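1. The amino acid sequence is not available; the structure is as follows:
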């Protein structure tokens, strides 16, 4: 039986693999003179954030204020970028508290957000660094044109309590040349207006091994690489052996020759498909499809399922960042040796 | 501004609507002499479980041992059915502890599960009631034929520490006649063998208003009706006004005339589609599509989005049971009046 000391379902993290992933991509960034700023949304664990910084990362990326609070609570992190438009007096006062503890920067793509930041930091000892979020084709947040980026940079630079920190984008996949030209045009425009552009922050897991193909960028943000998952294996970005997180499950029913049911459903594996068929990869059983999930059941299908009630399996999920958000704790191990449970400090931190 | 005292994203529950939902379906079951055994997987809140019992429910349904533990921790619940094959010494000893506190029954669809239950309860003061889970067409767990149900009933009855409790099915939608004939055949077979069939437990939200169309069933299990959601509105089972849970969000970016971005993504609304297009219904703005989610962003699309940064919206999710699993607490209110936060006692309880 796999890890008989652990009850199922359990989220397992192999620290040996995670550390190798951290070191390998750090070496890639070092080789291309690119600063690495890992996104903690994948692991949500202060211990791995610190490990990323020890390996050479210049700081971390968070999406929400509460994630940043969770990450700095233990010490060992002194540089945080929050890549989200932060609004509202509650979040802004928490942002001030974070800025007292670490070197903090944030992003904005509109003047309402900037006005709020300026109001909160107008009497701060040091100005808050604000990057302009740029939409280079992903059609989520971000100003739509290099010209608009230039206007917002000037607006930030004119606010009390703020300093223009540079440009940030979450790029579309496989559009490195377009992203490079977009960001270069914005940089040139802003520099022509007399402002420095100290940071240009690019990111994304699918294009991680092509990070250097946007040379105007000074730093790269990435999350999934620490664990990897089925979506990145499918894209050829990693192998199954590079996947540090999997879900340990028990077969609870074998109702038919071609079907078995496991004790993990959407409350562990989630409904995230990321364009894939099925809900995960069963290690050692590529013939099995994780065909359907309800909250607590996972239905496995194969021509011959060849499993019995009580068997244990390990499943690599489609999207690892969401799986690490589902349980209060993960189980750390190194190969066959269990290290122990670890609370997921930033789980459920959405504000 | 909607609920300015609450930070976003927040999960809101209107207790007035939830209580009306509880009372309306209880009255429907009462009118048809059907016992109601609500599934707590939707609300995950002991206070609403107790409210369901006060309204006339005979007990509650849980899917996992840890859900049952969370529900009985506060008292007020004295009858629990766990509709899952329970395996392993850890869970079985917890099951014994639950049986010391409440009237407990469980289900099984295989002899391995039954052997484990018998081993754990062989020296118990009272036998554990075990129902046979039947696959009446949903193709998840369950024995495949009425004959197999009869064999397993006899097997349960022959075990020390166990008593045969009846039949349980999670039925396919809109197949009431087939479910009725399947369960009737199994009941007749088992009674012919000399065993009583004290309980026949049917369930499911899509067919809730047709629960009486399987008259062989003695009880009905249902979860979603307490809150309702976009999937049930789409099926005509409820109206938008019957939806007790919605997600309060803030517009954080309006990058284009047809697009806005909110501060809630899959970490609140989840990726559950349940066959629908889009990720939720924006109250008061049926023209808006919740077109895409990433973990922390939701992308709204409309011909003319007509929103500004800082606006608040309320979104009814596709699948409410998963949304109540995402945050540590929900915000209770009655109409426009905030009641206060409530911890989600059974959130993340997957073991």
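-> That came through, no problem. No experiment lies behind these values; they were computed from the predicted model shown.
2. How confident was the prediction at the closest residue to residue A:211 other than its chain neighbours?
-> In space, residue A:211 comes closest to residue A:220 once its chain neighbours are excluded; the distance is 4.6 Å by CB to CB, 6 or more residues apart in numbering or on different chains. To be clear about C-beta, it is placed using only N, CA and C from the backbone, and glycine gets the same treatment. Predicted confidence (pLDDT) for residue A:220: 98.
3. Residue A:220 belongs to a strand?
-> Yes: under DSSP: H, G, I helix; E, B strand; the rest coil, residue A:220 sits within a strand.
4. For it, name its beta-bridge partners.
-> Taking DSSP bridges as the rule, residue A:220 bridges to residue A:36, residue A:202.
5. With residue A:131 instead?
-> Residue A:131 has the following beta-bridge partners by DSSP bridges: residue A:107, residue A:166.
6. That one: what's it in contact with?
-> A:81, A:105-108, A:164-168, A:199, A:201 (CB atoms under 8 Å, 6 or more residues apart in numbering or on different chains).
7. Let me know the closest of those residues to residue A:330.
-> Closest approach between the contacts of residue A:131 and residue A:330, by CB to CB: residue A:81, at 24.6 Å.
8. so what secondary structure elements neighbour the helix or strand harbouring that closest one?
-> Residue A:81 belongs to strand A:79-82 when elements are defined using DSSP states H and E. For strand A:79-82, the packing partners by 3 or more CB pairs under 8 Å, 6 or more residues apart in numbering or on different chains; DSSP states H and E come out as strand A:60-62, helix A:65-72, strand A:103-108.
9. Return the backbone torsion pair for residue A:245.
-> phi -110, psi 130 (degrees, to the nearest 10).
10. Isn't it up against residue A:229?
-> Yes: here residue A:245 lies in contact with residue A:229, judged by CB atoms under 8 Å, at a distance of 7.3 Å.
11. Quick check: neighbours shared by these two?
-> A:316-317, A:320.
12. Would you mind naming what in the stretch 101-250 of chain A lies close to chain B?
-> When proximity is defined as CB under 8 Å from any CB of the partner chain, the stretch 101-250 of chain A approaches chain B at A:109-110, A:112-113, A:133, A:135, A:139-144, A:250.
13. how far away is residue A:57 from residue A:37?
-> Plainly put, residue A:57 is 6 Å away from residue A:37 if you go by CB to CB, to the nearest Å.
14. residues contacting the residue most central in space within chain A?
-> Using CA atoms, centre = their mean, the residue of chain A that lies closest to the mean C-alpha position is residue A:223, 3.2 Å off. Shown in contact with residue A:223 (CB under 8 Å, 6+ apart): A:38-43, A:61, A:205, A:321.
15. Most neighbours among the residues you listed, which one?
-> Among these, residue A:43 has the most neighbours (other CB atoms under 10 Å in any protein chain shown), with 30 neighbours.
16. Could you check the pLDDT of it?
-> 98.
17. Surely it and residue A:324 touch.
-> Yes: Residue A:43 is within contact range of residue A:324, at 6.2 Å (criterion: CB under 8 Å).
18. Overlap of the contact sets of the two?
-> Residues within reach of residue A:43 and of residue A:324 at once, by CB under 8 Å, 6+ apart, are residue A:227.
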